[in-house]
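*Asks:* Predicted model, plus sequence, below.
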Amino acid sequence: MCGIVGFSSRSVSACGPLVNGLRRLEYRGYDSAGVALASERDIRVFKRTGKVAELDRLLNAELPENERSTYTLGIAHTRWATHGLPTEVNAHPHVADGGNLALVHNGIIENYAALRAKLEARGCVFVSQTDTEVLAQLVATFDRGDLLSAVSQALKQVEGTYGIAVISRRHPGEMVVARKGSPLVIGVGENATIVASDVSAIVSHTRQVIYLKDGDVARVLPEGVDVFTLDNVPVSREMQEVEWDAGAAEKGGFEHFMLKEIFEQPETLRNTIRGRLDRVDGTSVLAGLNLPPRDLASIRRAVIIGCGTSLHAAMVGKYLFESLADLPTSPEQAAEFRYCNPIIGPSDWAVAVSQSGETADTLAAVRESIGKGALVSAICNVVGSTIAREAGRGVYLHAGPEISVASTKAFTSQVTVLLMMALKLGRTRRLSREEGLRLCEEIGGLPDKVGEVLKENDRIAAIAAKYAEAEDMFFLGRGILYPTALEGALKVKEISYVHAEGYQAAELKHGPIALLGEHTPVVALLNDIPGKEKTIGNVQECRARRAPVVGVVTAGDDDAARHCNDVIVVPRTSAACAPIVTAVALQLFAYHLARIRGCEIDQPRNLAKSVTVE
Ligand code: M6R
């Protein structure tokens, strides 16, 4: 949610690296963008509504190449509006001290109204509606010759979340950054130091990074970084090497990141599974969980917490934990969970699922669970993310950077990790070694099965074309496939703006069936697993109301196919693996629907990749 970049060098112009960094972070928000460039003489601010490309055009028009080289320090921002409309005035960077100080911010200053009133009473004049401008003015009021100390003092007055970068003409060559609740990473290169909301904006410069912790404030110079607490106590933060390179964050010849990420799934699943199956004892090896069998066996209940696609993975997790490990499990929407004073304690296991590891509600749910003494684990993709660190134990997806706002490869890896967790849990509770070995075999075969689904791409595209004019759609699933129906509907909603609803197959007739008709396609998940016959019955109910039915059907299952107008074929799997192959088919369906409708697939309207506000 909002992307920030900062660049500091002695010799290299900041302009190009900042704009390129913003392009990498554009998935975090894209309603406006801006940059502040500092030289020895001045700070210049450029802002535009719309995408980073608009900002780039403005810079090309107003800042000739020969002038750029003098600006070797700068900060930049791409916005997802929280306070105030997406206008140029509300775009970051925000300035204070007569334009001498500039600041970019990701997060929300909750007490901004009270702070603004105090500053106005002291004569400060505001031009925007944003919380961020309040922070910029506040920092300026504390500046008595030490920028780091001014930032620290201002932040002590702030309630809320922030990842910020600040520059000032009064402190040439220096940038101060800080974080609390919003991610911030510092890349330390040979000729420059670059700061960003995530490593995708850094890896083209360096793979040596420092992840700031909540409450850290840092002075960033071209030669390196000094980190302090807000009380000015120096702290040391370990330098880490990023696993992947710049190529991983490129489209690699695909038209969209979403399509690239869908097609990466055989590989990402291999990475998720690699080294984690024990084919001797028929269990999984999840070292990061750090839970010996005795602890696993003593867990009485699991809650699996997430939002959006991660919540759907959590819902699949319930079926897996209960069917494979006899562990009572409830999936929980993170925001609901955190505010319902949840009944959770030392015999419960809270598993937080989050691709980004930064989702505000999921993080708060983790804190709530830790505070109530539960055992807490995380399933995250982004290494070093806040949720991963605060949970303290967990399993990384190793799915590589997911750039498209619509989550795809993260979902299949999340479900695969939950499956491996269920296997491990199950082996401490009720699964025999033989059953465990069979499951290992199945999990190991998933990448190839997903590869088979991808071969259906053209056929799925043709089916999507038939239904591209529909304005309403239903997705039906039963049992373990119900969350996949929700996920299929979410993908369609997000990227093609078609109204799509996921339902338990049997629930449709309790009301929503009133909406069915010949212009309301139903996508029915008819994989050949227990429950299929019942879902076929529900399909017949839909067809009796003239609704066309697209069935997701197991290869060779003519019986299921004959009940459908169109058929998307997926390979045969057990029930436990069915959500994974089915989700991939639905991702392709949603992708083609959006493409045919001419939607902007990687950056759908109103959305942001990482939701770091409540
Ligand atoms: O990073 P997280 O997995 O915590 O994100 C949760 C949701 O915001 C995310 O899954 C969202 O629903 C995606 N846009 C779905 O495609």
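*Replies:* Arrived safely, thanks for sending. Numbering: from 1, shown residues only.
*Asks:* Look up how far the ligand lies from the residue nearest the centre of the chain.
*Replies:* For the chain, the residue sitting closest to the mean C-alpha position, by CA atoms, centre = their mean, is residue 356 at 3.8 Å. When CB to the nearest ligand atom, to the nearest Å is the yardstick, residue 356 and the ligand sit 3 Å from each other. For glycine as for every other residue, the C-beta is placed from the backbone atoms N, C-alpha and C.
*Asks:* in which helix or strand would I find that residue?
*Replies:* Assignment of secondary structure by DSSP states H and E places residue 356 within no helix or strand.
*Asks:* before we move on, what about the one 10 residues further on?
*Replies:* Element membership for residue 366 (DSSP H and E) is helix 360-371.
*Asks:* Find the closest residue to the ligand in the stretch 451-600 of the chain.
*Replies:* For the stretch 451-600 of the chain, the nearest residue to the ligand under the criterion CB to the nearest ligand atom is residue 494, separated by 5.5 Å.
*Asks:* Find me the pLDDT at that residue, would you?
*Replies:* In the prediction, the pLDDT value recorded for residue 494 is 95.
*Asks:* For it, which three-state class applies?
*Replies:* Judged by DSSP: H, G, I helix; E, B strand; the rest coil, the three-state class of residue 494 is helix.
*Asks:* before we move on, what about residue 8?
*Replies:* Secondary structure assignment for residue 8 (three-state DSSP): strand.
*Asks:* Touching, it and residue 192? I think so.
*Replies:* Yes: with contact defined as CB atoms under 8 Å, residue 8 counts as touching residue 192 (6.3 Å).
*Asks:* Show me whatever sits in contact with both of these two.
*Replies:* When contacts are counted by CB atoms under 8 Å, 6 or more residues apart in numbering, residue 8 and residue 192 are jointly contacted by residue 222.
*Asks:* Those two: who's more crowded?
*Replies:* Taking residue 8 and residue 192 together and counting by other CB atoms under 10 Å, residue 8 has the greater number of neighbours (28 against 21).
*Asks:* Return the residues in contact with that one.
*Replies:* When contacts are counted by CB under 8 Å, 6+ apart, residue 8 is found next to 14, 72-73, 173-175, 192-195, 220-222.
*Asks:* Can you give me the distance of it to residue 291?
*Replies:* Here residue 8 is placed at a distance of 42 Å from residue 291 (CB to CB, to the nearest Å).
*Asks:* How are the strands of the stretch 101-250 of the chain distributed by residue range?
*Replies:* 101-106, 162-168, 175-180, 185-188, 192-196, 208-211, 216-221, 224-229, 234-235, 239-241 (DSSP state E, counting those that start in this stretch).
*Asks:* Mind checking these for the one nearest to the ligand?
*Replies:* The closest approach between the ligand and any of the strands of the stretch 101-250 of the chain, judged by CB to the nearest ligand atom, belongs to strand 101-106 at 14.6 Å.
*Asks:* Narrow the contacts of residue 8 to just the buried residues.
*Replies:* Those of the contacts of residue 8 that meet the buried threshold are 14, 72-73, 174-175, 192-195, 220-222, by 16 or more other CB atoms under 10 Å.
*Asks:* What sits closest to the residue nearest to the centre of the chain if chain neighbours are left out?
*Replies:* With CB to CB, 6 or more residues apart in numbering as the criterion, residue 356 has its nearest non-adjacent residue at 4.2 Å, and that residue is residue 610.
*Asks:* give me every residue that touches the one you found.
*Replies:* With contacts defined as CB under 8 Å, 6+ apart, residue 610 is in contact with 1, 28, 183, 198, 356, 358-359.
*Asks:* In three-state terms, how would it be classified?
*Replies:* coil.
*Asks:* what about it, distance to the ligand?
*Replies:* Counting by CB to the nearest ligand atom - residue 610 and the ligand are separated by 6 Å.
*Asks:* So what does that residue look like in phi/psi?
*Replies:* Per-residue torsions, residue 610: phi -120, psi 110 (degrees, to the nearest 10).
*Asks:* how deep is residue 12 tucked in, by neighbour count?
*Replies:* The burial metric for residue 12, expressed as a neighbour count using other CB under 10 Å, is 17.
*Asks:* Checking my notes, it in a helix, right?
*Replies:* No: the assignment for residue 12, made by three-state DSSP, is coil rather than a helix.
*Asks:* Within range of the ligand, give me the residues from the stretch 401-550 of the chain.
*Replies:* Taking CB under 6 Å from any ligand atom, the part of the stretch 401-550 of the chain that reaches the ligand is made up of 405-407, 494.
*Asks:* Redo these as JSON lines? Include distance to residue 531 and neighbour count.
*Replies:* Compiled in JSON lines, those are given as follows (distance: CB to CB, whole Å; neighbours: other CB atoms under 10 Å):
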{"residue": "405", "distance to residue 531": "32", "neighbour count": "23"}
{"residue": "406", "distance to residue 531": "28", "neighbour count": "29"}
{"residue": "407", "distance to residue 531": "26", "neighbour count": "27"}
{"residue": "494", "distance to residue 531": "27", "neighbour count": "25"}
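*Asks:* Next SSE downstream of the helix or strand hosting residue 294?
*Replies:* Of the helices and strands defined by DSSP H and E, residue 294 is found in helix 293-298. The helix or strand immediately downstream of helix 293-298 is strand 301-306, counting by DSSP H and E.
*Asks:* quick one: the residue of the stretch 451-600 of the chain closest to the ligand from residue 488, how far?
*Replies:* Residue 494 sits 11 Å away from residue 488, going by CB to CB.
*Asks:* So for these two, which residues contact both of them?
*Replies:* Common contacts of residue 494 and residue 488 (CB under 8 Å, 6+ apart): residue 590.
*Asks:* and residue 232, how many neighbours does it have?
*Replies:* 12.
*Asks:* show me what contacts it?
*Replies:* Residue 232 touches 148-149, 152, counting by CB under 8 Å, 6+ apart.
*Asks:* tell me the phi and psi of it?
*Replies:* Main-chain torsions, residue 232, degrees, to the nearest 10: phi 70, psi 20.
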